[in-house]
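Undergrad: Could you look at this predicted model? Sequence included:
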There are 2 protein chains.
Amino acid sequence: MAAAATIPTPPAADWIDRAEAALRAAGHRSSGPRSAVLELIGNQECVLSAREIADELRAGGREVGVATVYRTLELLESMRLVQRLDVGGRSARYEPALPGGEHHHHHLVCDRCGRVTPFEDPRLERAIADLGRRLDHSVGGHDVILRGLCPRCAASA
Amino acid sequence: MAAAATIPTPPAADWIDRAEAALRAAGHRSSGPRSAVLELIGNQECVLSAREIADELRAGGREVGVATVYRTLELLESMRLVQRLDVGGRSARYEPALPGGEHHHHHLVCDRCGRVTPFEDPRLERAIADLGRRLDHSVGGHDVILRGLCPRCAASA
DNA sequence: GTCGATGCAAAGAATTTGCAGGACC
DNA sequence: GGTCCTGCAAATTCTTTGCATCGAC
């Protein structure tokens, strides 16, 4: 069943190409460090913090300054190419996003191990869309975070 | 109409009493600074950050060290007497919560002015409850954040 | 050649922690 | 009187910013 299923599928594999194209179209230049960040973000499945991105790049031999990581994330977020997510830790997390809302999803956060798992549910989306129409507040986007125990932690609890 | 309405009602006025009682029952002591924090949290309508709490207390002539504010919030959160909320700013916000889930609600965040407005919607709650049952992940709580423009900012945009 | 992008290091902001003294029970 | 609580200040962590340099177009 598709409804309410957790999503094993990684983000669109062409996110990287689309992001690079969007950046170029907006007049931004291409560069080694920026491409490295884009590739890392596009190829990973779960949300990453700026620190994790910098660490993974260094581990992969493509060290990029933290300032550049932050500036790249800020740029990508302003172009809605990444979605920022605050799940409660000390740092913000980012994940690839597509402007049209494709692959839109939400997150399950494990209170025990911190693992973040994406899921999607059409009914929830419908409820939120309807709700938005009834509120005296224009709604442009939304985040839903469910907290609990992931299967692994629930088993060992 | 009650559904999907923003909530003008302040949190239960007896939250303060309940919180003080819960703390005492758990073996914690009462003190001036702690009571000042409890009173401020219980009497305000919107979510507050640790910094805002410290500032308001100082303005009210009841200065409390920031460390104490943080320690009190940590304690209250661990006892589920306050709910922590990350709306995207640099700091976490807190609001009174009742263990039984009474006055449970969610938030609208204005992308322009940052104003946070609570709302509640039974249908959304139902969709989330059903969803929780279908997921391979135990769900203990949830946050929903809708982003957009508040009426005031929408009017002046 | 121009102007955007990068890296380093310093600045800032939020939160945590060590410690000595004071208050509650 | 013991133990919890508090405040201060130092330490940490996350993020932003100034500035000189480098590189893409």
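TA: Structure's in. What do you need? The shown structure was predicted, so the numbers you read here are calculated from the model rather than taken from an experiment.

Undergrad: how about stretch A:106-118: buried residues?
TA: The neighbour-count check on stretch A:106-118 (16 or more other Cβ atoms under 10 Å in any protein chain shown) flags A:His106, A:His107, A:Leu108, A:Val109, A:Cys110, A:Arg115, A:Val116, A:Thr117, A:Pro118 as buried. Every C-beta, even on glycine, is put in place using the N, C-alpha and C of the backbone.

Undergrad: Over to the first one: give its phi and psi.
TA: Per-residue torsions, A:His106: phi -130, psi -170 (degrees, to the nearest 10).

Undergrad: residue contacts, it?
TA: A:His106 makes contact with A:Pro118, A:Phe119, A:Glu120, A:Asp121, A:Leu124, A:Asp143, A:Val144, A:Ile145, A:Leu146, according to Cβ atoms under 8 Å, 6 or more residues apart in numbering or on different chains.

Undergrad: how does it look with 10 Å?
TA: Residues near A:His106 by Cβ atoms under 10 Å, 6 or more residues apart in numbering or on different chains: A:7, A:85, A:117-121, A:124-125, A:128, A:142-146, B:131, B:142, B:144.

Undergrad: Check A:Leu75 too.
TA: A:Leu75 makes contact with A:Leu23, A:Ala26, A:His28, A:Arg34, A:Val37, A:Leu81, A:Val82 under the criterion Cβ under 10 Å, 6+ apart.

Undergrad: what do you get for A:Tyr94?
TA: Here A:Tyr94 is in contact with A:37, A:41, A:47-50, A:52-53, A:69, A:72-73, A:76-77, A:81-85 (Cβ under 10 Å, 6+ apart).

Undergrad: go on, A:Glu63?
TA: Shown in contact with A:Glu63 (Cβ under 10 Å, 6+ apart): A:Pro33, A:Ala36, A:Ala54, A:Asp55, A:Leu57.

Undergrad: Pull the number of nearby residues for the last one.
TA: Taking other Cβ atoms under 10 Å in any protein chain shown as the neighbour definition, A:Leu57 ends up with a count of 20.

Undergrad: Identify the spatial nearest neighbour of it, chain neighbours not counted.
TA: Excluding its sequence neighbours, the residue lying closest to A:Leu57 (Cβ to Cβ, 6 or more residues apart in numbering or on different chains) is A:Val64, at 5.0 Å.

Undergrad: residue of chain A with the smallest distance to chain B?
TA: A:Asp86 (3.5 Å; Cβ to the nearest Cβ).

Undergrad: Kind regards, and thank you for your time.
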